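Engineer: sequence and predicted structure are below.
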Protein chains: 4
Amino acid sequence: MRKLRMGMIGGGQGSFIGEVHRIAARLDGHIDLVCGAFSSTPERSLESGRALHIQENRCYANFEEMIEKEKNLPSTERMDFVAIVTPNHMHFSPAKLALQNGFHVVCDKPLTLTLEEAFSLERIVNSSGLLFVLTHNYPSSPMIQQARAMVLEGEFGQIRKVVVQYLQGWLSTALENTGQKQAAWRVDPSKSGIGGALGDIGTHAHNLVEFTTGLKIVELAADLGKFGKNRVLDDDGNVLIRLENGAKGSLSFSQIALGEENNLAISVYGDKGSFTWRQENPNELVTRWLDKPKTIYTPNGVSTSSIASSFSRIPAGHPEGYLEAFANIYKNFAIHLNEYLDGKMNGPANYPGIKEGVRGMQFIYACVNSSENNSDWKKI
Amino acid sequence: MRKLRMGMIGGGQGSFIGEVHRIAARLDGHIDLVCGAFSSTPERSLESGRALHIQENRCYANFEEMIEKEKNLPSTERMDFVAIVTPNHMHFSPAKLALQNGFHVVCDKPLTLTLEEAFSLERIVNSSGLLFVLTHNYPSSPMIQQARAMVLEGEFGQIRKVVVQYLQGWLSTALENTGQKQAAWRVDPSKSGIGGALGDIGTHAHNLVEFTTGLKIVELAADLGKFGKNRVLDDDGNVLIRLENGAKGSLSFSQIALGEENNLAISVYGDKGSFTWRQENPNELVTRWLDKPKTIYTPNGVSTSSIASSFSRIPAGHPEGYLEAFANIYKNFAIHLNEYLDGKMNGPANYPGIKEGVRGMQFIYACVNSSENNSDWKKI
Amino acid sequence: MRKLRMGMIGGGQGSFIGEVHRIAARLDGHIDLVCGAFSSTPERSLESGRALHIQENRCYANFEEMIEKEKNLPSTERMDFVAIVTPNHMHFSPAKLALQNGFHVVCDKPLTLTLEEAFSLERIVNSSGLLFVLTHNYPSSPMIQQARAMVLEGEFGQIRKVVVQYLQGWLSTALENTGQKQAAWRVDPSKSGIGGALGDIGTHAHNLVEFTTGLKIVELAADLGKFGKNRVLDDDGNVLIRLENGAKGSLSFSQIALGEENNLAISVYGDKGSFTWRQENPNELVTRWLDKPKTIYTPNGVSTSSIASSFSRIPAGHPEGYLEAFANIYKNFAIHLNEYLDGKMNGPANYPGIKEGVRGMQFIYACVNSSENNSDWKKI
Amino acid sequence: MRKLRMGMIGGGQGSFIGEVHRIAARLDGHIDLVCGAFSSTPERSLESGRALHIQENRCYANFEEMIEKEKNLPSTERMDFVAIVTPNHMHFSPAKLALQNGFHVVCDKPLTLTLEEAFSLERIVNSSGLLFVLTHNYPSSPMIQQARAMVLEGEFGQIRKVVVQYLQGWLSTALENTGQKQAAWRVDPSKSGIGGALGDIGTHAHNLVEFTTGLKIVELAADLGKFGKNRVLDDDGNVLIRLENGAKGSLSFSQIALGEENNLAISVYGDKGSFTWRQENPNELVTRWLDKPKTIYTPNGVSTSSIASSFSRIPAGHPEGYLEAFANIYKNFAIHLNEYLDGKMNGPANYPGIKEGVRGMQFIYACVNSSENNSDWKKI
């Protein structure tokens, strides 16, 4: 397996998600960060790059320069792919340019600023024949893999009910007015798009429902809230959902759920069994059954499926968390890209991609549309 | 404090809730069960009464006989109040007759079969001047009292969001076809009314929201489900809720959430703090704060309020549960009724009554109405 | 089943355990408290009795008077048994007198003040042919019954290791100097005997090990601590234990484990499986296995044994706690005593008795002896 | 900050801890693995190195060759330090040779095969002036840092009691006879030394007690068990401990605690407060207090100390685990080594070193000595 070269767009000093991507890319030793356009000014990009041990001549002023110059490097040096870790309004243009110049793309979620951009990017990805990764990280948690594998094997039977929540409290106060950059762009529709908390974390909840159940949410009725003073985007929402097989459920998200840290939790109920997973203690999958007592699966624990184990690095009882799940995306992408470069791809990607990205944008638009129409049911 | 005499309507052998009421009434030693119309036949009523050490001549064939005969006993022997523990369709008539004959009433929830009966019973209670208890038991759990006290003192600030669920799985299969009596009447609209799981447990969730927040749910949009084959009543539901102060939330209930035992849980978020309580481990109240770490209150634990302690009987760390909470209703009713009999009532009842009963019926009707109208918002 | 009549010795106003015994006796409706010698003065005994709705002429000045006078009542009125809920130094004499006068005895733990008294009482009980109950309550918790049943059926295989702890923090400060009566007598050797926390809660841990494993602790090495200023009795201890089959373990108890409420927890490891039970959330039994994932049993839950279910009153998910477990002792004693009175006893008692009482005293003496001899191993 | 170059001794294919060290070293991007003597044969070392993207000429046949050849490389290419990740019997020689040739050392625990080697290595380290890291990873968990900081600031008062356990079940069966390499060397005294589970995990428990309390264990009485058939080393142990300030405690460890995965847990009780930490859910620190309710600290959560936050990489609620704690050692070593190379060291190391290594060996020897002498108290 060859080592891959990554160029990063965004993720300069002060970024949260940029460092997450770098740790995730580093963790398994198959990816080197070789260049970047880390910030909006050349000086800050250079400063960020130096701290990351990047050669100065590969710390670029902007993504256009990076793509142009890297393209002209010899293939043994040139970056293999870009990682886009900017706010939402800066996903589409760099992704498009990278793909048009032959670079594979890893992109943070939600996919784009607008649904139109999402459809456009989908066409570009599909016609490019290149790999595209959307970093919904929670599906790469071992116990979510375990849950999905059990659902797909029919262990829980026909799915009937889903209860999912993603609750945070960090925007309970007007953090956006304090100079906190993470807060500032998330409440700004020109950078976030039409969804606030909805786009930032509601999409994770949506993605997790569809990933674990293997079923699409086909219809929803949403009631979005704007509790922070002067906010124009939602910071809270409650959504009724219906799945393609007739299952029903409720989805709740918030960034004003004061005191909640990162409380993503999902429960799925079938007619043979059910499961619950909680992100804040991700190394347990609680399952319940008609004819036997509640059973707890753990990563690499007794009876855990081999697919779940392939998303875990260390023995049972040694907790892995957010970063390891994120790194699983990069690891699986690295394997997949190696296969691509070798011309021998073994089956489909086991990480989220452009399709999941478009679904997420459709979810955002359906929620906003429903909420603006008095919570009428809207199809996705 | 005098000892009080209770007559029971329903609760014969095979009843679940009848024995719960009896344990609850016995627990603190202030109430004696002296008579009953326990079953639909005189023979079974007698048999049940004997097992309960009731005098044979006070094991009545039906509630009409019981009320008639007890009324004619000397006041030193006569029952003081009736406890109605029958299915929903048998709440209104015995309650009405008891009140009309001067007996106080303890009644299981939901209040009545229909909303019309509820309004009618409200008028009867109010004009009678007698005490009326509705046994929503969860408010009498010490940590729910703690939560409510903290809300009312403003510790959590302005309430913004509520997430409540009441999930059971016991009707995941067609238990009603197996001869199980609890299941049979609950899926039968002639005995349950227009709500299935909605009336049985959805009303507990509704009651808990209004009790803990001190706020009314003023509007809701419901999506009820009927997953069990041939069921005519709901066995599942998801509801968007709006509270009178502008708070929003989601309420989910189910009796087909396979594997769930009695998973009632509520989280309430204000702009200064928040709390979570889970019925299955009721002796913890998790609170979260802007400026201090997560804090766990326990019954009789450090800093627990005196009101919460008055709902607890033993030192911290000695778990109390469902029966103790239920017994708190009877204990507080016994104190209140003593005050009533002494002609010196100290403040309002600290147990649910007719008002909560009517609210619950309104909640059921609003949910059904909304669900039948494609989840349109309906006012309560 | 006839109703039984109980007389109480001790348990006047301000007592903790007296009220626990009364609630436990009342809960299932088979026992009436008919008389008592509740306090050390006739006036306070009378006052306590009145609050308990006891006839004034059956509120006795002391236990001698009670036994004498009750004995002379007609057999249809006379108490059937006494419940002794006094401090340890007041167990032996009333138990002896009651037995000698034909009354069955329920006695709080530890059995007596001294080991000599324990042996003496054992002889008296055995020669009396009467029933004797020692209220170690934790074995009557449904999930402890489940654990024991599984051990005895060999599901966990050969037991190898036990880790048990009983940690409280209520004597972290010099509570005994504040007038708190519970604390005062427990630190006083003339009332407690030679064990402090050891006798009060260490004996519960010891009893739970022997009950759940069905194995005797045959040898121990103890290191007792006296952390409270001027205390003459232990308030903390750590003990190495060896079981009769070669299993080893550690037992730790404390009343200066600041902040702990009533943290009794036991883990038992065999060569086929293991279990953990925690008193503060008693409605879960965690089990672990060689060849299947961790499994959680609950009272009346799926696959719970019928024996465990017979110690539970309400459906799964409805938490029962300390009082219900305590009441199980009284319930099972009431059934047993009915059988005794009918002359048809079906099998042995399913509650602790004199043998467990003597074992507990031997445990106390072995610990003190070991600790005074530099933690040398001592046999029990 | 310059990037550092690491050479690895051991850690070839099939190694568990080798990959852990590599992930830990990579995670923050300050360390490159540049060479290694990964296995006992040149061929397997080469194969392992290739999979790790190491230049073939720097995949060495053994550690002697590696140290010799690296020493002769230019200083801009030469490795800066070695990481020793071999079984215990192969710690001393490579550490000694590396230090004698000017290379800093990172070494897995326990320090050496024998206590004599430990003292000898301590002298070598001290006289070398080079940096030495012992990878006890648990102290680098954020919530352990939080606990220690609170202890040192006196928040819990005078420490009185410690209860610590490290329970695993993976050696419940004779795994060593199945070809499993991790098991095989751990039960072999020629590779493990005189401690089995004692050396492997008992030392972690010992280290955690001394790290969190800032107090030395000065005396212990141990009862070691050998439950696996034909085992010559302990696979289980229970230990009474006494700390230098008079505190007492119990320490239990096992590798035959069937079903336990990696259950390391510590509770420390002072006269003002107490804490509990559980490794399997490491992102919570439970604290308890005299005058306020139980409080839960989380990494980067409200009120968490800045020192704890410096051991965490992502916001509150995003779980970090075993690998992140391990990586903290490498990160802090990288910072420290940079300071060393710059000649400006800011304060002492914030990772374990040679002193902790010698303490651990003394603990092993004291336990074995005590256990062989019928659990007599032995001083460390």
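Structural biologist: In hand now; what should we look at? Remember, predicted model here, so these are calculated numbers, not experimental data. Numbering: from 1, shown residues only, chains lettered A, B, ... in the order given.

Engineer: so what's the residue count around residue A:56?
Structural biologist: 8 (other CB atoms under 10 Å in any protein chain shown). No exception for glycine: its C-beta is placed from N, CA and C like everyone else's.

Engineer: identify the residues contacting it.
Structural biologist: A:46, A:49, A:50 (CB atoms under 8 Å, 6 or more residues apart in numbering or on different chains).

Engineer: I'd like those residues as a markdown table, with pLDDT and distance to chain D appended.
Structural biologist: Output for those, formatted as a markdown table (pLDDT from 0 to 100; distance: CB to the nearest CB, whole Å):
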| residue | pLDDT | distance to chain D |
| --- | --- | --- |
| A:46 | 95 | 16 |
| A:49 | 96 | 12 |
| A:50 | 95 | 10 |
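
Engineer: okay, those in a markdown table with neighbour count and secondary structure next?
Structural biologist: Shown next, in a markdown table, are these (neighbours: other CB atoms under 10 Å in any protein chain shown; DSSP: H, G, I helix; E, B strand; the rest coil):
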| residue | neighbour count | secondary structure |
| --- | --- | --- |
| A:46 | 20 | helix |
| A:49 | 24 | helix |
| A:50 | 13 | helix |
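
Engineer: can those go into a markdown table with extra columns for distance to residue A:300?
Structural biologist: Converted to a markdown table, the contacts of residue A:56 look like this (distance: CB to CB, whole Å):
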| residue | distance to residue A:300 |
| --- | --- |
| A:46 | 43 |
| A:49 | 37 |
| A:50 | 39 |
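
Engineer: which element is whichever residue of the stretch 1-150 of chain A sits closest to chain C on?
Structural biologist: Residue nearest to chain C within the stretch 1-150 of chain A: residue A:146 (10.2 Å; CB to the nearest CB). When elements are assigned from DSSP states H and E, residue A:146 belongs to helix A:142-152.

Engineer: same deal with residue A:320?
Structural biologist: Here residue A:320 is assigned to no helix or strand, by DSSP H and E.

Engineer: so what pLDDT did it get?
Structural biologist: Looking at residue A:320, its pLDDT reads 98.

Engineer: skipping its backbone neighbours, what lies nearest residue A:47 in space?
Structural biologist: residue A:13 (6.9 Å; CB to CB, 6 or more residues apart in numbering or on different chains).

Engineer: that neighbour contacts residue A:51, doesn't it?
Structural biologist: Yes - counting by CB atoms under 8 Å, residue A:51 is a contact partner of residue A:13 at 7.2 Å.

Engineer: does the residue located most distally from the centre of chain A belong to a helix, a strand or coil?
Structural biologist: Going by CA atoms, centre = their mean, the residue of chain A most distant from its centre is residue A:291, 36.0 Å out. When classified by DSSP: H, G, I helix; E, B strand; the rest coil, residue A:291 comes out as coil.

Engineer: and the gap between it and residue C:309?
Structural biologist: Distance of residue A:291 to residue C:309, given as CB to CB, to the nearest Å: 16 Å.

Engineer: cool, residue A:244 as well?
Structural biologist: Residue A:244 is 41 Å from residue C:309, by CB to CB.

Engineer: now do residue A:358
Structural biologist: For residue A:358, the distance to residue C:309 - CB to CB - is 52 Å.

Engineer: neighbour count winner among these two?
Structural biologist: residue A:358 (19 against 16).

Engineer: quick one on the thing from earlier: ok, now which ones touch the residue nearest to the residue farthest from the centre of chain A when sequence neighbours are not counted?
Structural biologist: Using CB to CB, 6+ apart and skipping residues adjacent in sequence, the residue nearest residue A:291 is residue C:302, 6.5 Å away. The contact partners of residue C:302, taken as CB under 8 Å, 6+ apart, are A:289, A:290, A:291, A:292, A:293, A:294, C:316.

Engineer: just the buried ones among those residues, please.
Structural biologist: A:289, A:290, A:293, A:294, C:316 (16 or more other CB atoms under 10 Å in any protein chain shown).

Engineer: excluding chain neighbours, what is closest to the second one?
Structural biologist: Computed as CB to CB, 6+ apart, the closest residue to residue A:290 that is not its neighbour in sequence is residue A:272, at 6.2 Å.

Engineer: next one: the first one
Structural biologist: Taking CB to CB, 6+ apart as the measure, residue A:289 lies nearest to residue A:273, with 4.8 Å between them; neighbours along the chain are not counted.

Engineer: phi, psi of the one you found?
Structural biologist: phi -170, psi -180 (degrees, to the nearest 10).

Engineer: report the buried residues of the helix holding residue A:146.
Structural biologist: A:142, A:143, A:144, A:145, A:146, A:147, A:148, A:149, A:150, A:151.

Engineer: which residues touch the residue nearest to the fourth one when sequence neighbours are not counted?
Structural biologist: So that's residue A:145. Nearest non-adjacent residue to residue A:145, counting by CB to CB, 6+ apart: residue A:308, 4.5 Å away. Applying CB under 8 Å, 6+ apart to residue A:308 gives the contacts A:142, A:143, A:145, A:146, A:149, A:297, A:299.

Engineer: how far away is residue A:308 from residue C:292?
Structural biologist: Taken as CB to CB, the span from residue A:308 to residue C:292 is 16 Å.

Engineer: cool, and residue A:262?
Structural biologist: 31 Å.

Engineer: and what of residue A:223?
Structural biologist: Distance from residue A:223 to residue C:292, by CB to CB: 43 Å.

Engineer: repeat that for residue A:345.
Structural biologist: In terms of CB to CB, residue A:345 sits 36 Å off from residue C:292.

Engineer: repeat that for residue A:291.
Structural biologist: 14 Å.

Engineer: need phi/psi at the residue most central in space within chain A.
Structural biologist: The residue lying closest to the centre of chain A (CA atoms, centre = their mean) is residue A:136, at 1.7 Å. Dihedral pair for residue A:136: phi -70, psi 110, per degrees, to the nearest 10.

Engineer: ok, now residue A:253?
Structural biologist: Dihedral angles for residue A:253 - degrees, to the nearest 10 - are phi -140, psi 160.

Engineer: and what of residue A:168?
Structural biologist: According to degrees, to the nearest 10, residue A:168 has phi -130, psi 160.

Engineer: need the residues that contact the one helix or strand residue A:265 maps to.
Structural biologist: Using DSSP H and E, residue A:265 sits within strand A:263-270. Under the criterion CB under 8 Å, 6+ apart, residues A:138, A:147, A:151, A:156-168, A:201, A:204-205, A:208-209, A:212-213, A:257, A:274-280, B:167, B:169, B:254, B:256-260, D:317 lie in contact with strand A:263-270.

Engineer: taking these one by one, which sit in strands?
Structural biologist: Of those, the ones assigned to strands by DSSP state E are A:159-167, A:274-278, B:167, B:254.

Engineer: where's the nearest residue to residue A:304 once chain neighbours are set aside relative to chain B, distance?
Structural biologist: Using CB to CB, 6+ apart and skipping residues adjacent in sequence, the residue nearest residue A:304 is residue A:297, 5.4 Å away. Separation of residue A:297 from chain B (CB to the nearest CB, to the nearest Å): 14 Å.

Engineer: isn't residue A:297 up against residue C:293?
Structural biologist: Yes - look at residue A:297 against residue C:293 with CB under 8 Å: they come within range, at 5.2 Å.

Engineer: can you list residues touching both of those two?
Structural biologist: A:303, A:304.

Engineer: hey, where'd the helices end up in the stretch 1-150 of chain A?
Structural biologist: A:17-26, A:42-51, A:63-71, A:92-100, A:115-128, A:142-152 (DSSP state H, counting those that start in this stretch).

Engineer: so what pLDDT did residue A:347 get?
Structural biologist: On the pLDDT scale, residue A:347 gets 83.

Engineer: need the three-state assignment for it.
Structural biologist: Strictly by three-state DSSP, residue A:347 counts as coil.

Engineer: residues of the stretch 251-380 of chain A that sit close to chain D?
Structural biologist: Residues of the stretch 251-380 of chain A lying close to chain D by CB under 8 Å from any CB of the partner chain are A:259-263, A:279-283, A:298, A:301-302, A:313-324.
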